[in-house]
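Novice: What follows is a protein structure lacking sequence information:
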């Protein structure tokens with residue numbers, strides 16, 4: 001293997017070693033707010049034998065009290081197998097997502113070697129793995145299936161495997177991706193379809209879409225069957241969809257913060273919007289080689305086109321958080337731009353390399369923050385120390401059956417300690433009802449004894465609410481104990497949007513209601 005071929009594998013090894021070191025020595029990255037939303041039902045099933053998430057019971061009457069049906073079940077099935085062996089702790093969940101990240105990263109490098117073998121400096125593209133620092137949702141498994149589908153697509157378009165085997169692989173992996181995460185699955189479905197269209201348009205290959213049509217029909221049939229045969233499960237899914245950003249509520253003009261989020265997390269797609277139309281005018285030169293050239297150009301075109309659609313929707317219709325679903329595809333897009341630039345004039349390749357280096361500097365900001373500020377926070381209050389604090393605060397609540405508001409990362413320990421009235425900190429109320437004092441009114445109604453919050457949740461969502469409660473001493477006495485000594489980026493407004501959620505130090509808010 002020559003030096004150019006070793007580059008992506010070497011970068012992959014370094015990135016995985018970095019992530020492993022962070023997990024072992026600093027217990028990072030910390031699961032964010034959606035983690036226990038999706039994991040809580042499995043934790044409750046293994047600890048108490050009931051497959052629903054009681055921390056959501058106040059808002060989701062089906063998924064929080066009867067059966068968890070807020071999302072397709074494939075992720076929960078995989079998590080059940082994992083936690084049956086490795087336990088229900090937050091560290092178990094973190095190791096599960098590290099394993100999924102490792103598999104997805106391996107598939108990315110294999111795809112680069114299959115579809116972009118002529119790519120110059122493709123190790124630069126693999127470095128964009130540094131941008132994948134939030135791993136706590138079902139999409140981590142959906143990426144594994146989706147990247148597998150793109151690998152089969154590249155092999156088929158490039159003529160490297162039997163067409164029938166590739167079609168079966170594409171169909172199976174796309175269906176699994178859709179049954180794990182509808183939005184992420186739809187993205188990879190769209191990329192696979194558009195890659196076929198690009199191969200037909202650019203290289204006059206046969207337009208084969210049978211497997212894509214079969215997957216669409218199967219997924220629609222499965223959905224219809226569940227809606228008719230198991231209406232409770234369907235209602236549970238709709239119950240979640242009505243309160244989450246997947247519900248389109250009308251067009252909006254993106255805010256400056258949303259535009260910055262796009263530019264920071266998915267800058268390669270913005271670069272592709274400028275470069276790819278120019279590259280496609282030179283497609284005859286780019287397709288001068290064998291089937292690999294077709295796979296390279298069609299896959300890059302499909303990723304860029306589908307990514308542009310999802311990014312546009314996330315800016316004007318859906319949640320801007322859907323930008324995060326494109327991070328693995330961004331690596332492939334970077335490799336595609338490098339490969340195409342390498343077939344053109346040398347100055348073009350140098351210019352693209354420089355632009356991608358600037359993109360990488362944006363994408364890697366949180367990775368740098370985790371490795372520096374995050375490690376300092378870990379030495380301040382480690383995962384072990386934080387959980388000793390949690391046991392001291394939560395165990396009395398389990399004994400007296402009192403209510404507590406708990407952040408997602410701490411709910412695993414609350415469940416293990418038997419706190420039956422632990423409420424997810426993001427789900428105090430119905431999010432369809434907005435009012436300036438909605439959270440304060442929710443706390444008045446719930447009257448929790450404690451709030452046990454991460455630095456991220458306290459400073460992002462609860463600081464102003466707690467201040468409003470302080471203005472009502474006739475109703476409640478408030479005592480706040482911040483266990484962090486090292487200031488966290490969440491506590492500093494100018495850093496909050498740059499680096500966030502890197503400290504295990506809990507904030508304990510004790511409420512004494514009159």
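Specialist: Great, that's in hand. Quantities reported herein were computed from a predicted structural model and do not represent experimental measurements.
Novice: so what's residue 475 up against?
Specialist: 444, 469, 513-514 (Cβ atoms under 8 Å, 6 or more residues apart in numbering). (C-beta placed from N, C-alpha, C; glycine too.)
Novice: same question but for residue 24, I mixed them up
Specialist: So, once contact is read as Cβ under 8 Å, 6+ apart, residue 24 ends up touching nothing.
Novice: mind listing what's buried in stretch 107-116?
Specialist: For stretch 107-116, the neighbour count (16 or more other Cβ atoms under 10 Å) marks 107-112, 114-116 as buried.
Novice: same check, this time on stretch 497-506
Specialist: Neighbour counts over stretch 497-506 (16+ other Cβ under 10 Å) mark 499-506 as buried.
Novice: from these, which two are the most distant?
Specialist: By the measure Cβ to Cβ, 499 and 506 form the most distant pair in the buried residues of stretch 497-506, at 18.8 Å.
Novice: Residue 355 - how many residues pack around it?
Specialist: Neighbour count of residue 355, defined by other Cβ atoms under 10 Å: 19.
Novice: Check it and give its pLDDT.
Specialist: pLDDT for residue 355: 93.
Novice: and the gap between it and residue 341?
Specialist: The gap separating residue 355 from residue 341 is 10 Å, by Cβ to Cβ, to the nearest Å.
Novice: what distance separates the helix or strand where residue 270 lies from the centre of its chain?
Specialist: Element membership for residue 270 (DSSP states H and E) is helix 267-280. Centre-to-centre, helix 267-280 and its host chain are 24 Å apart (Cα atoms, centre = their mean, to the nearest Å).
Novice: cool, and stretch 151-170?
Specialist: Taking Cα atoms, centre = their mean, one finds stretch 151-170 lying 27 Å from the centre of the chain it belongs to.
Novice: among the helices and strands of this protein, which has the poorest mean pLDDT?
Specialist: The weakest-scoring helix or strand in the chain, judged by mean pLDDT, DSSP states H and E, is helix 283-286 (a mean of 59).
Novice: and after that helix, which helix or strand comes next?
Specialist: helix 291-316.
Novice: Could you list the buried residues of the helix or strand following that following helix?
Specialist: Going down the chain from helix 291-316, the next helix or strand is helix 327-342, by DSSP H and E. Under the neighbour-count criterion of 16+ other Cβ under 10 Å, helix 327-342 has 327-342 buried.
Novice: Closest one of those to residue 378?
Specialist: Set against residue 378, the nearest of the buried residues of helix 327-342 by Cβ to Cβ is residue 327 (23.9 Å).
Novice: so who does the closest one touch?
Specialist: By Cβ under 8 Å, 6+ apart, residue 327 lies in contact with 128, 131-132, 265-266.
Novice: and it, what pLDDT?
Specialist: Confidence at residue 327, expressed as pLDDT, is 94.
Novice: how about stretch 35-53: buried residues?
Specialist: Within stretch 35-53, the residues scored as buried using 16+ other Cβ under 10 Å are 35-46, 51-53.
Novice: Among the residues you listed, which pair sits farthest apart?
Specialist: Spatially, the most separated pair among these is 35 and 51, at 17.6 Å (Cβ to Cβ).
Novice: now, which of the buried residues of stretch 107-116 lie within helices?
Specialist: Within the buried residues of stretch 107-116, residues falling in helices by DSSP state H are 107-112, 114-115.
Novice: Dump those into JSON lines; add distance to residue 486 as well.
Specialist: Below are these laid out as JSON lines (distance: Cβ to Cβ, whole Å):
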{"residue": "107", "distance to residue 486": "37"}
{"residue": "108", "distance to residue 486": "34"}
{"residue": "109", "distance to residue 486": "36"}
{"residue": "110", "distance to residue 486": "40"}
{"residue": "111", "distance to residue 486": "40"}
{"residue": "112", "distance to residue 486": "39"}
{"residue": "114", "distance to residue 486": "45"}
{"residue": "115", "distance to residue 486": "44"}
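Novice: Identify, from those, the entry nearest to residue 230.
Specialist: Relative to residue 230, the closest of these is residue 107; by Cβ to Cβ it sits at 32.7 Å.
Novice: What are the contacting residues of stretch 429-439?
Specialist: So stretch 429-439 is in contact with 58-59, 242-243, 428, 441-442, 461-462, 465, 468, going by Cβ under 8 Å, 6+ apart.
Novice: Now, of the residues you listed, which are buried?
Specialist: The neighbour count (16+ other Cβ under 10 Å) marks 58-59, 243, 428, 442, 461-462, 465 as buried among the contacts of stretch 429-439.
Novice: rewinding a little: ok, which pair from the contacts of stretch 429-439 is furthest apart?
Specialist: Within the contacts of stretch 429-439, two members stand farthest from each other by Cβ to Cβ: 242 and 468, at 27.4 Å.
Novice: Now residue 269. Nearest residue, chain neighbours left out?
Specialist: Nearest residue to residue 269 in three dimensions, chain neighbours excluded: residue 307, at 4.8 Å (Cβ to Cβ, 6 or more residues apart in numbering).
Novice: how much space between the one you found and residue 103?
Specialist: 22 Å.
Novice: which intervals of this protein have sub-threshold pLDDT?
Specialist: 1-5, 117-120, 158-161, 163, 202-208, 245-250, 280, 282-293 (pLDDT under 70).
Novice: Among the buried residues of stretch 35-53, which one lies nearest to residue 84?
Specialist: When the buried residues of stretch 35-53 are compared for distance to residue 84 (Cβ to Cβ), residue 46 wins out at 6.6 Å.
Novice: For the closest one, give me its contacts.
Specialist: With contact taken as Cβ under 8 Å, 6+ apart, residue 46 is in contact with 80, 83-84, 88.
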